[in-house]
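Asks: Below is the sequence, then the predicted model.
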Amino acid sequence: MKNLIQGILIVINVLLSTSGAEAVTYAQVGGTVTLKPPEGIRLQRHYLFWRFGNMELAWRNIFGGTWFSNDEKWKGALSLSEGALIIRGVKQEHFGTFSCEAKENGQTVASSTRTLLKLTVTKSPTSPLLPGETLSLFCDAEAPSGLAKPAVHWLNPQGEQKKTSQGQVKVTASGQHSGEWTCVVTNGAKEIQAKASVAVVDMSPAPLHPQYTSKSSPLSIPCSIASYTSWDQIKTKGIQGGNWHFYPASGSGVPSAAPQRLFSLSLKNPLSWKSDQDRGLTPEPGLKAGVLSLARHEGREDDSGVYVCSLTFNSNVTLRRTVNISVLQIRSSSGPDLTAGQQVNLTCSLGHPLPSGLRLKWFPPEQSHPLASDHRSTHLTVPHVGAADGGVWRCELWRNGTRLTSAKIVLKIDHTMSLWMQVIICSVAVIVVLILIFIVYRCRQRKMTHPRHRLCQCKNPKPRGFYRT
C-alpha cells in the first residue's frame with residue numbers, strides 16, 4: 001500500500017511539473033507576448049473571458065465584439081487576435097497568472113491558466129564596442145513556482161552556441177560578434193528565445209586574395225566600414241583620424257619597409273580625404289556611407305605593393321585593413337616595333353612566379369595563327385613574325401572560372417627591308433651589272449678580231465650568186 005501511494009505521488013508530481021512547464025510563458029520588460037486561449041474553442045459559439053488574478057482584463061463575444069480593462073497599468077497594452085491575448089510593452093506589474101474561460105450558454109466549456117514570468121537579458125557595455133573590448137551578456141529566467149530554473153544558453157550571430165556560466169557569456173569583441181545574439185531558455189519541451197543586439201564598430205573584412213590590375217585594366221583598392229557600422233557610432237567611440245599608406249613592392253615582390261602616406265582623413269565638415277602624395281589615385285565616392293576605397297582608371301607598373309587603410313581612435317585602438325595589389329604585364333624581348341621575319345619572345349607575368357591556383361591564357365590577334373589550347377606558360381615565342389602577327393596580343397589571368405585581369409601589347413610589323421638586306425641586294429645588282437659589262441666587252445673584242453666582209457646584191461644581177469665589192 002505504501003509503495004502504491006508513493007507511486008501515485010510520483011505520477012502526480014510528474015503531471016504537475018509537465019503541466020506547469022506547459023503553462024509558463026516568458027517575456028521581457030518592454031517586449032510583446034501572446035497568450036493563447038484554451039484549445040478546441042470555436043469563436044462562433046464561445047464567449048471568451050480573460051482575467052489577471054481576480055481582475056477582468058478582456059472579453060470577446062461570438063459576434064467579434066471586444067472589451068478591455070480601463071485600469072491605468074493595462075491601458076493601451078491589450079488586444080485580442082483569434083481569441084489570443086496580446087500584451088505590448090510588457091511592464092513589471094504585468095507578470096503573474098492569467099486565466100481564460102470559454103463559455104457557451106453561460107456554461108464554462110474550457111479554461112486555461114498561463115503564468116507570465118520575467119526573462120531578463122542585459123548586455124555590457126550598452127554602447128557600441130571597438131574590437132578588443134570585452135562584451136558581457138547575461139540572461140536570467142525566473143523559475144516557475146516549485147520548479148527549478150530552466151536551462152539557459154547563448155547563440156552568437158552565426159548561430160553557434162557559446163559557453164555560458166549561469167546565464168552569462170563573456171567574449172573579446174570583434175566584427176563577427178556584431179549582430180543579434182540569442183538567449184535560448186529551455187522550459188520542458190519548449191524553447192523560448194530572447195534577442196540582444198550588439199554593435200561592434202569595425203571595418204569590412206579585407207580581400208582574402210591579392211587584387212590584380214594591369215596598364216589596360218582599372219585599379220580598385222577596396223576598403224570600407226562594415227555595413228552594420230555608422231559614422232555616428234564611430235564618432236561615439238572617439239575617432240581621431242584615418243590614413244592610407246602604401247608599401248611599394250621590391251623587385252622580388254616583397255613590400256618595402258618604408259611606407260608612403262597617400263591620404264589623410266579630415267574629420268572637419270565635410271568629411272573628406274586629404275591627398276599627401278600624388279599617385280593618380282582618387283577616393284571613391286560615398287565616404288559618408290562608409291566607402292574608404294581608392295581607384296584609378298588604369299593600373300601602372302609601379303602599383304604593385306601593399307596598401308593599408310586605417311582608422312585611429314582616442315583609446316589607442318587602430319582598425320586596419322591590408323590590400324595586396326599585383327600588376328600583370330606583357331613585355332616583348334625586341335620591343336613592340338618588329339621587322340617581318342624577326343623572332344620575338346613575349347612574357348606575361350606579375351613580376352614573380354604565379355601563385356598556386358592562378359593560370360594564364362594567351363590571345364593572339366584575330367588574323368594570326370591560333371595557339372595551342374593548352375598554352376598557359378608565362379613565355380611565348382613567335383619564330384618568324386609576319387603581317388598576320390601584327391596587332392593586339394592579350395593575356396588573361398584566371399583563378400578557377402574567374403577572370404582576374406588582362407594585359408595587352410600592340411605589335412607593329414615593318415615590312416620594309418633591313419639595312420643588311422638592302423646592302424646584299426645592292427651588292428648582287430652591282431655584280432650582275434659587272435657581269436653584263438664584262439659580257440658586252442668580250443663580245444666587242446671578238447668582233448674586232450674577226451671582221452666580217454660586206455656583201456651586196458646587185459640591182460642588175462649577173463646570173464647566180466653574190467659578188468665582192
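Replies: Received it, and whenever you're ready, just let me know what you need.
Asks: Return the distance of the helix of greatest length in the chain from the chain's centre.
Replies: Longest helix of the chain, by residue count under DSSP state H: helix 419-449. Centre-to-centre, helix 419-449 and its host chain are 78 Å apart (CA atoms, centre = their mean, to the nearest Å).
Asks: ok, now stretch 317-336?
Replies: Distance, centroid of stretch 317-336 to centroid of chain: 20 Å (CA atoms, centre = their mean).
Asks: C-alpha coordinates for it, CSV please?
Replies: The C-alpha atoms that make up stretch 317-336 are tabulated as CSV, following Å, rounded to 0.1, in the frame of the first residue of the first chain:
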residue,chain,number,x,y,z
VAL,A,317,42.8,51.4,-30.8
THR,A,318,43.6,51.3,-34.6
LEU,A,319,41.5,49.4,-37.1
ARG,A,320,43.5,48.3,-40.2
ARG,A,321,42.7,46.6,-43.4
THR,A,322,45.5,45.4,-45.8
VAL,A,323,45.1,45.1,-49.6
ASN,A,324,47.8,43.5,-51.8
ILE,A,325,48.0,44.7,-55.4
SER,A,326,49.8,42.8,-58.2
VAL,A,327,50.2,44.2,-61.7
LEU,A,328,50.1,41.9,-64.8
GLN,A,329,52.4,43.0,-67.5
ILE,A,330,53.3,41.9,-71.1
ARG,A,331,56.8,42.5,-72.4
SER,A,332,58.3,41.9,-75.8
SER,A,333,62.0,40.9,-76.0
SER,A,334,62.5,43.1,-79.0
GLY,A,335,60.1,45.9,-78.2
PRO,A,336,56.7,46.4,-79.9
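Asks: In this structure Trp398 contacts Lys361, no?
Replies: Yes: shown here, Trp398 and Lys361 form a contact pair, counting by CB atoms under 8 Å, at 6.3 Å. C-beta here means a position set from N, CA and C on the backbone, and glycine is covered the same way.
Asks: Can you identify the element that follows the lowest-mean-pLDDT helix or strand in the chain toward the C-terminus?
Replies: None of the helices or strands of the chain scores lower by mean pLDDT, DSSP states H and E than helix 2-22, at a mean of 33. Moving toward the C-terminus from helix 2-22, the first helix or strand encountered (DSSP states H and E) is strand 24-27.
Asks: Contacts for that next one, please.
Replies: Here strand 24-27 makes contact (CB atoms under 8 Å, 6 or more residues apart in numbering) with 33, 35, 87, 90, 94-95, 114-119, 141-142, 144, 185, 187, 192, 194.
Asks: mind redoing it with 10 Å?
Replies: 33-36, 87, 90, 94-95, 98, 114-120, 141-145, 147, 150, 183, 185, 187-188, 190, 192-194 (CB atoms under 10 Å, 6 or more residues apart in numbering).
Asks: which stretches of the stretch 51-200 of the chain form strands?
Replies: 55-60, 66-68, 78-81, 84-88, 96-104, 107-124, 134-141, 151-155, 161-162, 168-172, 179-187, 190-198 (DSSP state E, counting those that start in this stretch).
Asks: possible to save those strands as CSV with mean neighbour count?
Replies: Listed next are the strands of the stretch 51-200 of the chain as CSV, based on neighbours: other CB atoms under 10 Å:
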stretch, mean neighbour count
strand 55-60, 18
strand 66-68, 15
strand 78-81, 15
strand 84-88, 17
strand 96-104, 18
strand 107-124, 16
strand 134-141, 19
strand 151-155, 18
strand 161-162, 13
strand 168-172, 16
strand 179-187, 19
strand 190-198, 15
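Asks: Turn the ones you listed into CSV, columns for mean pLDDT.
Replies: Output for those, formatted as CSV (pLDDT from 0 to 100):
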stretch, mean pLDDT
strand 55-60, 93
strand 66-68, 93
strand 78-81, 93
strand 84-88, 94
strand 96-104, 93
strand 107-124, 92
strand 134-141, 94
strand 151-155, 92
strand 161-162, 92
strand 168-172, 94
strand 179-187, 90
strand 190-198, 88
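Asks: Present those strands as JSON lines; the columns should include distance to Tyr228.
Replies: Compiled in JSON lines, these are given as follows (distance: least, CB to CB, whole Å):
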{"stretch": "strand 55-60", "distance to Tyr228": "40"}
{"stretch": "strand 66-68", "distance to Tyr228": "39"}
{"stretch": "strand 78-81", "distance to Tyr228": "33"}
{"stretch": "strand 84-88", "distance to Tyr228": "27"}
{"stretch": "strand 96-104", "distance to Tyr228": "38"}
{"stretch": "strand 107-124", "distance to Tyr228": "15"}
{"stretch": "strand 134-141", "distance to Tyr228": "15"}
{"stretch": "strand 151-155", "distance to Tyr228": "18"}
{"stretch": "strand 161-162", "distance to Tyr228": "19"}
{"stretch": "strand 168-172", "distance to Tyr228": "17"}
{"stretch": "strand 179-187", "distance to Tyr228": "7"}
{"stretch": "strand 190-198", "distance to Tyr228": "10"}
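Asks: domains in this structure, as residue ranges please.
Replies: Domain segmentation of the chain under automatic domain parsing yields 22-117, 125-198, 211-326, 333-414.
Asks: so who does the residue nearest to Asp337 when sequence neighbours are not counted touch?
Replies: Of all residues not flanking Asp337 in the chain, Lys412 sits nearest, at 5.0 Å (CB to CB, 6 or more residues apart in numbering). Counting by CB under 10 Å, 6+ apart, Lys412 makes contact with 335-339, 390-391.
Asks: roughly how far apart are Ile325 and Ala23?
Replies: Going from Ile325 to Ala23 by CB to CB, to the nearest Å gives 64 Å.
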